[in-house]
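Trainee: using only what follows, build the 3D model:
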Amino acid sequence: MSTKLIDCCGLSCPEPVLRVRQILQDPSLQEVRVKVSAAAARDNVSRAARNLGWQVGVKDDGDCFLLTLTRRAGK
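Mentor: So this is what the prediction gives:
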């Protein structure tokens, strides 16, 4: 399974969403992990990923949020 990590900590919206949307277009990726530091970025990246057919898991590690985006079967 191909996985990619994107560190968007410190970036304000819409930059994290733009970066993630571009990466999610890669058909070889099955999982993308995204680090963001703001709740707004967490929410916006999650929404964009779901709209593109990805499942979203969120973990709060205190300093940032780690989003695990997984391609849904058949997408």
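
Trainee: from now on I want contacts and neighbour counts done on CA atoms only, so please keep to that.
Mentor: Noted.

Trainee: in the chain, which helix is the longest?
Mentor: With secondary structure taken from DSSP state H, the chain has its longest helix at helix 39-51.

Trainee: mind giving me the packing neighbours of the next helix or strand after that helix?
Mentor: Counting by DSSP states H and E, the next helix or strand C-terminal to helix 39-51 is strand 54-60. When contacts are defined as 3 or more C-alpha pairs under 8 Å, 6 or more residues apart in numbering; DSSP states H and E, strand 54-60 sits against helix 39-51, strand 65-71.

Trainee: give me the low-pLDDT residue ranges for the chain?
Mentor: By pLDDT under 70, the weakly predicted segments of the chain are 1, 74-75.

Trainee: so who does the spatially most central residue of the chain touch?
Mentor: In the chain, the centroid-proximal residue (C-alpha atoms, centre = their mean) is V34; its distance is 4.5 Å. When the contact criterion is C-alpha atoms under 8 Å, 6 or more residues apart in numbering, the partners of V34 are L5, I6, D7, C8, V20, L66, L67, T68, L69.

Trainee: one step back: and the helices and strands packed on strand 54-60, which is most packed in?
Mentor: Neighbour counts (mean count of other C-alpha atoms under 10 Å) averaged over each of these peak at strand 65-71, with a mean of 21.

Trainee: distance of D63 from A38?
Mentor: 9 Å (C-alpha to C-alpha, to the nearest Å).

Trainee: those two: which is more packed in?
Mentor: A38 (17 against 11; other C-alpha atoms under 10 Å).

Trainee: output the contacts of V34 as a markdown table; include the columns distance to S46.
Mentor: A markdown table is the format used below for the contacts of V34 (distance: C-alpha to C-alpha, whole Å):
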| residue | distance to S46 |
| --- | --- |
| L5 | 15 |
| I6 | 14 |
| D7 | 15 |
| C8 | 13 |
| V20 | 10 |
| L66 | 11 |
| L67 | 8 |
| T68 | 9 |
| L69 | 8 |
